[in-house]
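# what's the 3D shape of this:
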Amino acid sequence: MDEIALREQEEALRNQVAQLSPEARKQYYQLEEQLVKDPDTYAVLNYFFAAGLHHFYLGKTARGAINLTLMLIGLALILFYGWILLILVFLIELPQLFNSQKIVRKYNIDVMREVLDELKDTQQNQTI
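All right, here's what the predicted structure looks like:
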């Protein structure tokens, strides 16, 4: 996803939040503060990309567990070509290091959209 598309999605979400009632808007910002992830934390964890810590941070536990397992196997077998496994994981995960800002921004947009949808559903159920 490119920068322009991300910016457009963020702007659309901001407009939707502005249309919420003051009480719902307050709830939205409280939930957003709890759920939104910090790009800098993700970037720091991404330096350990072979361990998959950055995946755990975004709640992708399966992918994080796979990375961690592959790294541990590679380290345990480093004398027996385990280094090849480490290099493969490194090559697969390297692009995420350079795209960390976009990845976290996309994650946060998805979280914001889910929170907004949840609040809208709650408001609709209260009016019924």
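# Is residue 59 part of a helix or strand, or is it coil?
coil (DSSP: H, G, I helix; E, B strand; the rest coil).
# typo on my end, residue 44
Look at residue 44: counting by three-state DSSP, its state is helix.
# Residue 104 versus that one, what's the distance?
Distance from residue 44 to residue 104, counting by CB to CB, to the nearest Å: 12 Å. For the C-beta atoms, the positions are set from N, CA and C on the backbone; glycine is no exception.
# So for those two, which sits in the more crowded spot?
Between residue 44 and residue 104, residue 104 has the larger neighbour count (other CB atoms under 10 Å), namely 22 against 14.
# nearest residue to the more buried one other than its sequence neighbours?
Nearest residue to residue 104, sequence neighbours excluded (CB to CB, 6 or more residues apart in numbering): residue 39, at 4.2 Å.
# Hmm, residue 101 and that neighbour touching each other?
Yes: applying CB atoms under 8 Å, one finds residue 39 in contact with residue 101, separated by 5.2 Å.
# which one of the two has more residues nearby?
The residue with more neighbours, out of residue 39 and residue 101, is residue 39; 17 against 14, by other CB under 10 Å.
# who are the neighbours in contact with that one?
Residue 39 makes contacts with 100-101, 104-105, as judged by CB atoms under 8 Å, 6 or more residues apart in numbering.
# Need the residues you listed in CSV (columns: secondary structure and pLDDT).
Converted to CSV, these look like this (DSSP: H, G, I helix; E, B strand; the rest coil; pLDDT from 0 to 100):
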residue, secondary structure, pLDDT
100, helix, 87
101, helix, 89
104, helix, 93
105, helix, 92
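# can those residues go into TSV with extra columns for distance to residue 86?
Converted to TSV, the contacts of residue 39 look like this (distance: CB to CB, whole Å):
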residue	distance to residue 86
100	20
101	25
104	25
105	29
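# ok, the residues you listed vs residue 19, which is closest?
Nearest to residue 19 among the contacts of residue 39, counting by CB to CB, is residue 105 at 22.5 Å.
# Residue 6 is in contact with the closest one, correct?
Yes: assessed by CB under 8 Å, residue 105 is found in contact with residue 6 at 5.5 Å.
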